[in-house]
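*Asks:* got a sequence here, can you build the structure:
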Amino acid sequence: MTDAHTLEGTGQRADSRTDPCPAAGTTVKTYREALRDTLAAEMRRDDRVFLIGEEIGVFEGSYKITAGLLDEFGPKRVRDTPIAEEGFTGAAVGAAMLGLRPVVEIMTINFSLLALDQIVNHAAKIYGMFGGQARAPMVIRTPGGGGQQLGATHSQNVELYYSFVPGLKVVAPSSPADAKALLLAAIRDDDPVLFLENLGLYNTKGEVPDDDVPAEIGRAAVTRAGADVTVVAYSRMAAVALRVAADLAATDGIDVEVVDLRSLRPLDRETVVASVRKTHCAVVLEDDWLTYGIGAEIAATIADGAFDWLDAPVRRVAMAEVPLPYAKSLEAAALPSAADVAAAIRDTLRAVGRGR
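*Replies:* Numbers count the residues shown, from 1 in each chain. Just a heads-up that it's a prediction; the model follows:
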């Protein structure tokens, strides 16, 4: 399944490279490789770091993120578990409280719902309820997203559930470089971090810095500067946004600024507002349902911080509000596409007389 992944909606094969000559001090890697190499490096650096989850050892993980790690680190630090998300997540919470730094792999974010009590009522609450005398420095890695014909119960992006909860940090890297930098930051952070991956990104390639510099959790990135419209996105849709921006610049002369949130909690509202104040228009993308979503929070943030600078209403692009169908054609129709994004940008600019 994973070998056939493409970056849906971009017209770009997931394993393509646009620059065959990486910049000095970088190595071209897939998103998957960036995660695996970072896990290995952090386990070598800090013997408190260990991995725990279903099929991550002998089978090397459902998506091969942990390939080779059992051979190097042994079963004490790469711990296969029964199919019991609440149990092994709870065990990781206890280990973190006692000074270890567990990295939990939950096979998909859909299965994290079985561990909701441990994540929301325990990991997120320990620091506050113990008055700072105990912490839970742990990472929960989990992929989500549609486009793989896995059916409605295996294709969701329910990051909103966790982004809503004080005490958790939630990050969502969209590139191999950010996968490395944010995973470094998550493992070294003293708070519990939910680390969101997207199935459609695992085989995407990009330049990854060779140094081990963690990202700043809570800091968005302007991944493409522009003057006409701000597009705000995260995870897979941030990658789609970059491709659409390049296409619109070539075909329509539209200069799109792309803001990749990278972190959903804490949320970098300042970067979003500053961009919209510059461009005066905004389109918000998400790989999830529209109602009550991350996009709604971003739209409210723009209304609070940049209302007087807006030339047009904020537009939002999201998936259809249905359980995701299994049939390939119906699944594709339900997911937000590059064409949907381009249409929203053109409509926004046309409304203010700045588009064709």
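
*Asks:* low-confidence ranges in this protein?
*Replies:* Scanning the chain with the threshold set as pLDDT under 70 gives 1-20, 355-356.

*Asks:* show me where it has its helices.
*Replies:* When assigned using DSSP state H, the helices of the chain occupy the ranges 31-45, 69-73, 85-97, 116, 126-129, 159-163, 176-188, 236-251, 269-279, 294-306, 328-334, 338-351.

*Asks:* ok, for A152, nearest residue in space, not its chain neighbours?
*Replies:* Nearest non-adjacent residue to A152, counting by C-beta to C-beta, 6 or more residues apart in numbering: P323, 3.6 Å away. Using the backbone N, CA and C atoms, a C-beta is placed for each residue, glycine as well.

*Asks:* for V103, that is, sorry about that
*Replies:* V139 (4.6 Å).

*Asks:* repeat that for P75.
*Replies:* Nearest one to P75, counting by C-beta to C-beta, 6+ apart, is G57 at 6.4 Å.

*Asks:* so what's the residue count around that neighbour?
*Replies:* Residues contacting G57 under the criterion other C-beta atoms under 10 Å number 22.

*Asks:* contacting residues for it?
*Replies:* By C-beta atoms under 8 Å, 6 or more residues apart in numbering, the contact list for G57 reads 66, 69-70, 75, 78-80.

*Asks:* mind picking the two most distant members of those residues?
*Replies:* For these, the farthest-apart pair by C-beta to C-beta is T66 and P75; their separation is 12.3 Å.

*Asks:* count the neighbours of Q156 for me.
*Replies:* 22.

*Asks:* name the nearest residue to it, sequence neighbours excluded.
*Replies:* N110 (5.4 Å).

*Asks:* distance check, D37 against R48.
*Replies:* To R48, D37 is 19 Å away according to C-beta to C-beta, to the nearest Å.

*Asks:* narrow the contacts of G57 to those that are buried.
*Replies:* Among the contacts of G57, those classed as buried by 16 or more other C-beta atoms under 10 Å are 66, 69-70, 78-80.

*Asks:* tabulate those (a markdown table), appending distance to K328.
*Replies:* Shown next, in a markdown table, are the buried ones among the contacts of G57 (distance: C-beta to C-beta, whole Å):
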| residue | distance to K328 |
| --- | --- |
| T66 | 29 |
| L69 | 33 |
| L70 | 35 |
| V78 | 35 |
| R79 | 36 |
| D80 | 33 |
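
*Asks:* any idea which of the residues you listed is closest to G132?
*Replies:* Checking those against G132 with C-beta to C-beta, the nearest one is R79 at 28.7 Å.

*Asks:* verify the contact between the closest one and E54 for me.
*Replies:* No: taking contacts as C-beta atoms under 8 Å, R79 lies outside contact range of E54: 10.3 Å.
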